[in-house]
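In: Provided below are the primary sequence and the corresponding predicted coordinates.
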Amino acid sequence: MTQSHALPAAAVRNVRPAPAGSTTAGPRATAGPRATAGPRATAGPRDGRRRPELASFLRSRRERITPDEVGMPPGPRRRTPGLRREEVAQLAGVGVTWYTWLEQGRPINASPQVLDAVARTLRLDAAEREHLYRLADTPGPQPATDEAPALPRDMRTILDSLDPLPACLVNARSDVLSWNAAYAALFPILVNAPAAARNSIWFAFTTPRCCNPLVNLDEQAPEHVAIFRYRYSQHMGDPGWQEFVQRLCAASAEFARLWATHDVAPPRPCDKVFHYPAVGDIATRSTNLDLTALPGTRMVIYTPVDDESRANIAWLRDHPEATVPDHQH
């Protein structure tokens, strides 16, 4: 399914580049991205060689992705294979005019953040992403890694010292950065996922019910999404946030429904109940603590609300095999 809540991304200056081979300027972009990417680009000899290559590369990557792969309806009378330009722009959270000019090889400026959104939308691998940045003559991002970012030693010590309380470090978007052994016992599927998929709200809404240990999700889901929107509002225009919300809306009808309500709530403790057949229910209260030493990062601690839940967490910590699903999807 699709969701049309993407906001215009902060990307480039609205410029009036001349069409190739013409001495007159094209129409002014009135609905393109807001300006953040610097002054108008001037096409030098090197730019003149790279832009046609960039145009061909983007077109070839766009044409290999089907609408079905990104949760879009196929639509009638598609004249070209793959996605349309306006669909790429929508999924990347950028202006249609701006993306069209980029794919036409016009000399416009692009920020690393917007190129990264385009790269994610076109599902570029590491080599293709690097190639995109070189063709756009834009410094690329640091290469992604499946390893958690390095933590200050005191943060790691605090996290481990909280054991047997499950605890983790997450960023504003709920990407799980690090955790202790008790947290791993409670969320084995999440901590064993690739780094790009290691996100607690993604896990809550996309894990099949038969494998999702959170049994009171129906009760907690509206609050989860309202708090997530509160944090989202602090990152307006960030292509990474926009792309994440679009993907989650496509992957979860429940999230998409709740996101469409526009409900918002400040962060607060949440009561979460987990269930594993080997031990039964584990009732907890999750508390978020913002870390001044790591701006934008918070520590999430799950405190069992009774002795039985505390004992069940300890048992799972000693028997990690008990939480591994016995089937695959």
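Out: All right, it came through fine.
In: those strands in this structure, which residues are they?
Out: Per DSSP state E, the chain carries strands over the ranges 167-171, 176-179, 270-276, 280-290, 297-304.
In: and the ones you listed as TSV, adding mean neighbour count?
Out: C-betas here are computed from N, CA, C, even on glycine. As requested, those are exported to TSV (neighbours: other Cβ atoms under 10 Å):
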stretch	mean neighbour count
strand 167-171	22
strand 176-179	21
strand 270-276	18
strand 280-290	16
strand 297-304	20
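In: just so I know, which of the ones you listed lies nearest residue 151?
Out: strand 176-179 (5.7 Å; Cβ to Cβ).
In: residues contacting residue 57?
Out: Contact analysis of residue 57 by Cβ atoms under 8 Å, 6 or more residues apart in numbering lists 131, 132, 135.
In: now do residue 298
Out: 169, 170, 171, 172, 288, 289, 290, 291.
In: Show me which of these is closest to residue 200.
Out: Lowest distance from residue 200 to the contacts of residue 298 (Cβ to Cβ) belongs to residue 170, with 6.4 Å.
In: can you pull up the bridge partners for that closest one?
Out: Beta bridges link residue 170 to residue 176, residue 298 when assigned by DSSP bridges.
In: so it sits right up against residue 183, yeah?
Out: No. Using Cβ atoms under 8 Å, residue 170 is not in contact with residue 183, being 10.7 Å away.
In: picking that back up, for the strands of the chain, could you give me JSON lines that also reports mean pLDDT and distance to residue 235?
Out: Shown next, in JSON lines, are the strands of the chain (pLDDT from 0 to 100; distance: least, Cβ to Cβ, whole Å):
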{"stretch": "strand 167-171", "mean pLDDT": "94", "distance to residue 235": "10"}
{"stretch": "strand 176-179", "mean pLDDT": "92", "distance to residue 235": "17"}
{"stretch": "strand 270-276", "mean pLDDT": "92", "distance to residue 235": "21"}
{"stretch": "strand 280-290", "mean pLDDT": "93", "distance to residue 235": "15"}
{"stretch": "strand 297-304", "mean pLDDT": "94", "distance to residue 235": "14"}
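In: To residue 218, which of those strands lies closest?
Out: strand 270-276 (11.3 Å).
In: Could you give the separation of that closest one from the chain centroid?
Out: Distance, stretch centre to chain centre, for strand 270-276: 24 Å (Cα atoms, centre = their mean, to the nearest Å).
In: can you check stretch 232-250 too?
Out: 7 Å.
In: buried ones in that stretch?
Out: 232, 237-250 (16 or more other Cβ atoms under 10 Å).
In: neighbours around residue 192, how many?
Out: Neighbour count for residue 192, taken as other Cβ atoms under 10 Å: 10.
In: Roughly how far does it sit from residue 315?
Out: Here residue 192 is placed at a distance of 20 Å from residue 315 (Cβ to Cβ, to the nearest Å).
In: Could you list the buried residues of stretch 105-124?
Out: Those would be 105-111, 113-122, 124, for stretch 105-124 by 16+ other Cβ under 10 Å.
In: now, which of those residues lie within helices?
Out: In this view, the buried residues of stretch 105-124 that belong to helices under DSSP state H are 113, 114, 115, 116, 117, 118, 119, 120, 121.
In: Can you tell me which of those is nearest residue 217?
Out: residue 120 (26.8 Å).
In: Need the contact partners of stretch 178-192.
Out: By Cβ under 8 Å, 6+ apart, stretch 178-192 touches 148-149, 151, 155-156, 159-160, 162-169, 176, 198, 200, 203, 207, 211, 213, 274, 282, 302, 313, 316-317, 320, 323-325.
In: give me that answer again for 6 Å
Out: Stretch 178-192 is contacted from outside by 148, 151, 159-160, 163-164, 166-169, 203, 313, 316-317, 320, 323, using Cβ atoms under 6 Å, 6 or more residues apart in numbering.
In: Report how many residues lie close to residue 253.
Out: The burial count for residue 253: 11, using other Cβ under 10 Å.
In: Read off the pLDDT value for residue 80.
Out: Listed pLDDT for residue 80 reads 69.
In: Kindly report the same for the one 4 residues further on.
Out: With respect to pLDDT, residue 84 scores 87.
In: burial measure for the nearest residue to residue 317 once chain neighbours are set aside, as a count.
Out: Once flanking residues are discounted, residue 317 sits nearest to residue 185: 4.1 Å by Cβ to Cβ, 6 or more residues apart in numbering. Per other Cβ under 10 Å, the neighbour tally for residue 185 reads 25.
In: repeat for residue 219
Out: Residue 219 has 13 nearby residues by other Cβ under 10 Å.
In: Against residue 103, how distant is it?
Out: From residue 219 to residue 103 the distance is 46 Å (Cβ to Cβ).
In: Give the closest residue to the spatially most central residue of the chain in space, chain neighbours not counted.
Out: Nearest to the geometric centre of the chain sits residue 244, at 3.2 Å (Cα atoms, centre = their mean). Setting aside the residues directly before and after it, residue 244 is nearest to residue 173 in space (Cβ to Cβ, 6+ apart), at 6.3 Å.
In: Likewise for residue 290?
Out: Per Cβ to Cβ, 6+ apart, closest to residue 290 is residue 298, 4.9 Å.
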